[in-house]
Structures are given as C-alpha cells and as structure tokens.
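K.L.:
Let me see the structure of the following:
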Amino acid sequence: MDRIPSIIQIDDCLVSSEILTEFFACDYAKCKGCCCVIGDSGAPLEESEPEAIEKNYSVFSPIMRPQGRAAVADKGFFEIDVDGDMVTPLVPGSEECAYTCFDKDGNCFCSMERKWFEGEGDFRKPISCWLYPIRVSVLGNGMRALNLHRWEICKDAFAKGEKEGVRVYEFLEEPITRYFGKEFFQSLKQCAEHLF
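P.N.:
Below you'll find the model as predicted:
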C-alpha cells in the first residue's frame, strides 16, 4: 500500500487522514454521555447557533436541570470561553453543559437532541457535538481544517469502532453530510476507498 498522506484537501477543507483511517463508534453504554458534563468549556458554537437555540429553548428547557436553566437565565444562550470562543454556557462551579438533561439512572443526554428525536423543535444540537470527534477550525487563509480529536473519556468509542470496523467518517456520515454536503462526504468516501 502506498504511504497515506497526512492531509487530504477536499474543496476548501484540509482533512486529516486520521478521519479516514481511525475507527470510532460511540459506546454510550460505557460512557453514559459524560462528554456533556466533562470539559474545559462548553461546546463550540457556530455564529448562527445561539439564535437557533433561543428559538427552540421553550421546547427543550422543561427537561433541563434547574441549574442549567438558571445558568442560561444568568449567562444567556452562550458564553465566551478563555480562548475567546463562543460556547454553550456551563453550570457555574461545574463542567456540565447547561443544556444537559439526565434520565432516572443518571445518564446524560442533550436536552435539545432528546426533544428533536421526539419530533419537537427544529434544531438537533450544536454541530461541534454532532461531528465529534472531528474538530473543525478556520485557518487564516479562510480554509477549514478537519482534525481528529482524542479525548480519554472516548477511549471506549475508539475501541468499539475498531471492534466493529467503523471508521470515523463512516460513523459521522449524517452530520458530515448535513454540514459539508453530500458531495463532500462522497469525496471522503472515495478517498478512503482509494487508500484501502
């Protein structure tokens, strides 16, 4: 097999080849959704997302924890983290996203996504959450970089993906297609097929 390039360019995106070569499949049975309650700051937000969250807030806020609703009442629908990025607000004194909800067994869920799956609201969740473990950053020249993020709390997801033979881009077909378009995903798939 030829040496795999570390970066692949598709349109205006520089894609880390790890997105095509590495395996990943969320293992909720093991992690219990802890990515919603562990982290240095909230989930990164796109410019348009706070408005979408505000529009849908009355739909999902009833299933949020009172601490989450209080955080939103105090901070608004987003906050700026120490890096100057717009992120979801955190519950004060914790690493918990304000938009988290829990079931009776203490499992974490995104309240927006829970209601979206029930057919309520028109905003599923921040694209940064949906695309994880892909992280998207905008470069100085306007191009976007797609890199694989490795987080200790997701080690079981990497193991499950490898066991089931599911690569990162395959697991994330729906959000990749939603965010970058069908043609972009097909290009990713063709690159992967060419590499293997």
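K.L.:
What's the biggest helix in the protein, counting residues?
P.N.:
Counting residues, the longest helix found in the chain (DSSP state H) is helix 182-195.
K.L.:
Just the buried residues of it, please?
P.N.:
By neighbour count with 16 or more other CB atoms under 10 Å, helix 182-195 contains the buried residues 184-185, 187-189, 191-192. In this view, the C-beta of every residue, glycine as well, is placed from N, C-alpha and C.
K.L.:
Turn those into CSV, columns for pLDDT.
P.N.:
Formatted as CSV, the buried residues of helix 182-195 follow (pLDDT from 0 to 100):
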residue, pLDDT
184, 96
185, 97
187, 95
188, 94
189, 94
191, 90
192, 90
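K.L.:
Pull the residues that contact the lowest-mean-pLDDT helix or strand in the chain.
P.N.:
The helix or strand of the chain with the poorest confidence is helix 28-31; it has a mean of 87 (mean pLDDT, DSSP states H and E). Contacts with helix 28-31, where a contact means CB atoms under 8 Å, 6 or more residues apart in numbering, come from 107, 153-154, 156-157.
K.L.:
same thing but at 7 Å, please
P.N.:
153, 156 (CB atoms under 7 Å, 6 or more residues apart in numbering).
K.L.:
Need the three-state assignment for the residue sitting nearest the centre point of the chain.
P.N.:
Geometric centre of the chain, nearest residue: residue 129, 1.7 Å, by CA atoms, centre = their mean. Following DSSP: H, G, I helix; E, B strand; the rest coil, the label given to residue 129 is helix.
K.L.:
ok, now which ones touch the residue nearest to it when sequence neighbours are not counted?
P.N.:
Using CB to CB, 6 or more residues apart in numbering and skipping residues adjacent in sequence, the residue nearest residue 129 is residue 43, 5.0 Å away. Residue 43 is in contact with 87-88, 97, 126, 128-129, counting by CB under 7 Å, 6+ apart.
K.L.:
Can you tell me which of these is closest to residue 173?
P.N.:
Residue 173 has its nearest neighbour among the contacts of residue 43 in residue 129, at 16.1 Å by CB to CB.
K.L.:
same question for stretch 162-180, mean pLDDT?
P.N.:
For stretch 162-180, mean pLDDT is 96.
K.L.:
Just the residues contacting that stretch, thanks.
P.N.:
With CB under 7 Å, 6+ apart, stretch 162-180 has contacts from 19-20, 22-25, 127, 130-131, 133-134, 148, 161, 184-185, 188, 192.
K.L.:
Same check on stretch 131-151?
P.N.:
Outside stretch 131-151, the residues that touch it by CB under 7 Å, 6+ apart are 12-16, 18-19, 22, 24, 154, 168, 172, 175, 179.
K.L.:
one more time with 6 Å, if that's ok
P.N.:
Residues outside stretch 131-151 that contact it (CB atoms under 6 Å, 6 or more residues apart in numbering) are 12-16, 18-19, 22, 24, 175.
K.L.:
quick revisit: buried residues in the least confident helix or strand of the chain?
P.N.:
Within helix 28-31, the residues that count as buried by 16+ other CB under 10 Å are residue 31.
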